[in-house]
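[1] predicted model and sequence follow; I will ask about them next.
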Amino acid sequence: MKKQKLLINGERLSKTLEKFADFGRTVNNGVTRLSLTEEDRLVRDYFCSCCEELGMTIKVDDLGNIYATLPGIEDKPPIVMGSHMDTVKKGGRFDGILGVVAGLEVVRTLVENNIKPKIPVMIVNFTNEEGARFEPSMMSSGILSGKFEKTIMLQKTDCEGTTFEEALNTSGYAGEVESRLKEATAFLELHIEQGPILERESLTIGVVECVLGMVCYEIEVTGESDHAGTTPMNMRKDAFFTTNSLITEARQKLGMLDDDLVFTMGRVNVFPNIHTVIPNKVIFSLEARHKDPKTIRQVEEIIEGLTTPGSKDGCEIQVTKLWDRDTVWFDKSICDLLEQSTNSLGLSYKRMVSGAGHDAQFIASYIPTAMVFVPSINGKSHCEEELTTWEDCEKGVNVILETVLAIQSK
Ligand SMILES: [Zn+2]
């Protein structure tokens, strides 16, 4: 007879998620829990008390990252689960916290079944993932992986001028640099998809293979300001009309590259922005994301080609690349294990990419890492309407549990 599978307690999971949402819950059933605020301090305290109840030991590093460990029989690098507990302003009840509560539910399941793991099991909460209070996002995992400089990050300020360092000290969660996550057997991050694909395809689980590479440009168009009523059309250098042609050209050329390419012109500033004055300057952003670096190179050629003089109404065009990042591929063997776990639980799934950034992409630089997505209803996230069904949350956590057990018995 086949052995009964160990499964998590779905009802306890949903209650726990609701309990965590009480820390910063908004009137419209969303959550505002910016990093290192009072709400964040309280949710951290609560998380630590839940872990201590399970016999876990808590360590906090110099960035406020919390590590709760259930000891193993063998003294091996831990299997780590987790994500972040901070949210954006008026965010949802699932982004980030699901990955942390998943870890808690996995450990609760192990403990209540008297399973002492061979390899230690750890839950992590990364500080300031959202970057909603202190830019950039994924700040602490970025420092851990050497991507960001700690001394520079400590001086980042929120909109009231408080530095990250001050907020860290006030929170009481500034710990020891020695406690930082240095090595692990694996890192597994369960997260909501934050997009519409799984729901559209009626699938339950996304095994995430990579976080998309991207490139971000700023384009500045300079013309001349004149009177909007007295200057004939053929004597104008209208920066906004030129911008309009540039955007049309970029959209048309980028749109022909690849169906999976996504690109956005999300920020546009028009100067002087007065209806009686011909605009003399427009500055806009243009970002694009794709998994294949060759496609990103083609994107760069197209965007940089936009400066070619032609019928640009005599305006000057300056294209500046602000930054780029390569696609981060997750660990193949961990992805395979996640896929096996999903199959063994009889869940529908697909391998997919993440268009959004996550702590896992930085941790992947030094720890075997992969992510699991569960569907977001209507693809909504970073808003109070953010929703994932309790059933899908439960299934996602079961995939994490099954994978932790599979790594244990390897
Ligand atoms: Zn998140």
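    On my side now, so go ahead. Numbering: from 1, shown residues only.
[2] quick one: distance of the worst-scoring helix or strand of the chain on mean pLDDT to the chain centre.
    Ranking every helix and strand in the chain by mean pLDDT, DSSP states H and E puts strand 316-325 at the bottom, with a mean of 93. Centroid separation for strand 316-325 versus its chain: 24 Å, with Cα atoms, centre = their mean, to the nearest Å.
[3] what pairs with whichever helix or strand comes after that strand, parallel or antiparallel?
    As assigned by DSSP states H and E, the chain's next helix or strand after strand 316-325 is strand 328-329. The sheet places strand 328-329 alongside strand 205-211 (antiparallel), with pairing taken from DSSP bridges.
[4] ok, residue 346 - how many residues close by?
    For residue 346, the neighbour count with other Cβ atoms under 10 Å is 9. Using the backbone N, CA and C atoms, a C-beta is placed for each residue, glycine as well.
[5] break this structure into its domains for me.
    Following automatic domain parsing, one gets these domains for the chain: 10-211+327-408, 213-325.
[6] so which of those domains comes closest to residue 4?
    domain 10-211+327-408 (10.9 Å; Cβ to Cβ).
[7] and that closest one, how far out from the chain middle?
    Counting by Cα atoms, centre = their mean, domain 10-211+327-408 comes out at 10 Å from the chain centroid.
[8] can you tell me the average pLDDT over stretch 237-247?
    Averaging pLDDT along stretch 237-247 gives 94.
[9] can you give me the helices in the stretch 1-150 of the chain?
    Counting by DSSP state H, counting those that start in this stretch, one finds helices in the stretch 1-150 of the chain at the ranges 10-21, 38-53, 97-112, 139-144, 150-154.
[10] which residues does the particular helix or strand that has residue 395 in it contact?
    Assigned by DSSP H and E, residue 395 belongs to helix 390-408. Residues outside helix 390-408 that contact it (Cβ atoms under 8 Å, 6 or more residues apart in numbering): 5-8, 10, 13-14, 17, 79, 81, 94, 98, 102-103, 105-106, 109, 117-119, 121, 185-186, 188, 190, 204-205, 334, 337-338, 340-342, 344-345, 347, 372-375.
[11] select, out of the helices of the stretch 1-150 of the chain, the one closest to the ion.
    helix 97-112 (7.7 Å; Cβ to the ion).
[12] in that closest one, what's buried?
    For helix 97-112, burial by neighbour count (16 or more other Cβ atoms under 10 Å) applies to 97-110.
[13] from the ion, how far out is the residue nearest to residue 86 when sequence neighbours are not counted?
    The shortest distance from residue 86 to any non-neighbouring residue, by Cβ to Cβ, 6 or more residues apart in numbering, is to residue 35 (4.0 Å). To the ion, residue 35 is 12 Å away according to Cβ to the ion, to the nearest Å.
[14] show me what contacts residue 35?
    By Cβ under 8 Å, 6+ apart, the neighbours of residue 35 are 86, 127-130, 132-134, 167.
[15] recalculate using a threshold of 6 Å.
    Contact analysis of residue 35 by Cβ atoms under 6 Å, 6 or more residues apart in numbering lists 86, 128, 133.
[16] hmm, who's touching the least confident helix or strand of the chain?
    So strand 316-325 is in contact with 213-222, 304, 307, going by Cβ under 6 Å, 6+ apart.
[17] repeat the analysis, applying 7 Å as the threshold.
    Strand 316-325 is contacted from outside by 213-222, 246, 303-304, 306-307, using Cβ atoms under 7 Å, 6 or more residues apart in numbering.
[18] related to what we said a few turns ago, let me know which of the domains of the chain is tucked in deepest.
    Comparing the domains of the chain by mean neighbour count (mean count of other Cβ atoms under 10 Å), domain 10-211+327-408 ranks first with a mean of 20.
[19] pLDDT (mean, whole number) over that one?
    98.
[20] tell me the secondary structure at residue 356.
    coil (DSSP: H, G, I helix; E, B strand; the rest coil).
[21] that one touches residue 194, doesn't it?
    Yes - with contact defined as Cβ atoms under 7 Å, residue 356 counts as touching residue 194 (5.5 Å).
[22] got phi/psi on residue 288?
    phi -140, psi 150 (degrees, to the nearest 10).
[23] who's in contact with it?
    Going by Cβ under 7 Å, 6+ apart, residue 288 touches 214-215, 254, 261-263, 299.
[24] greatest separation within these: which pair is it?
    Most distant of these, by Cβ to Cβ, are 214 and 254, 13.1 Å apart.
[25] next up, the contacts around the residue positioned nearest the centre of the chain.
    Most central in the chain under Cα atoms, centre = their mean is residue 358, positioned 3.1 Å from the mean C-alpha point. With Cβ under 7 Å, 6+ apart as the criterion, the residues that contact residue 358 are 189, 191, 211, 371.
[26] next, give phi and psi for it.
    Residue 358 adopts backbone torsions of phi -150, psi 160, taken as degrees, to the nearest 10.
[27] one more: the one 5 residues further on?
    Dihedral angles phi and psi of residue 363 (degrees, to the nearest 10) take the values phi -60, psi -30.
[28] contacting residues for it?
    Residue 363 touches 141, 145, 187, 369, counting by Cβ under 7 Å, 6+ apart.
[29] where along the stretch 101-250 of the chain do the strands fall?
    121-125, 186-192, 205-211, 213-222 (DSSP state E, counting those that start in this stretch).
[30] in CSV: those, plus distance to residue 175.
    As requested, those are exported to CSV (distance: least, Cβ to Cβ, whole Å):
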stretch, distance to residue 175
strand 121-125, 12
strand 186-192, 19
strand 205-211, 28
strand 213-222, 32
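[31] out of those strands, which is closest to the ion?
    The ion lies closest to strand 186-192 among these, at 5.8 Å (Cβ to the ion).
[32] report the angle between the closest one and helix 390-408.
    With axes from the mean of the first three to the mean of the last three Cα atoms, to 10 degrees as the basis, strand 186-192 and helix 390-408 are set at 170 degrees to each other.
[33] strand partners (parallel or antiparallel) of strand 186-192?
    strand 79-83 (parallel), strand 369-374 (parallel).
[34] which one of the residues in the stretch 301-410 of the chain is closest to the ion?
    For the stretch 301-410 of the chain, Cβ to the ion, closest residue to the ion: residue 358, 6.1 Å.
[35] run through the residues of this structure sitting next to the ion.
    Neighbours of the ion within the chain, by Cβ under 5 Å from the ion: 95-96.
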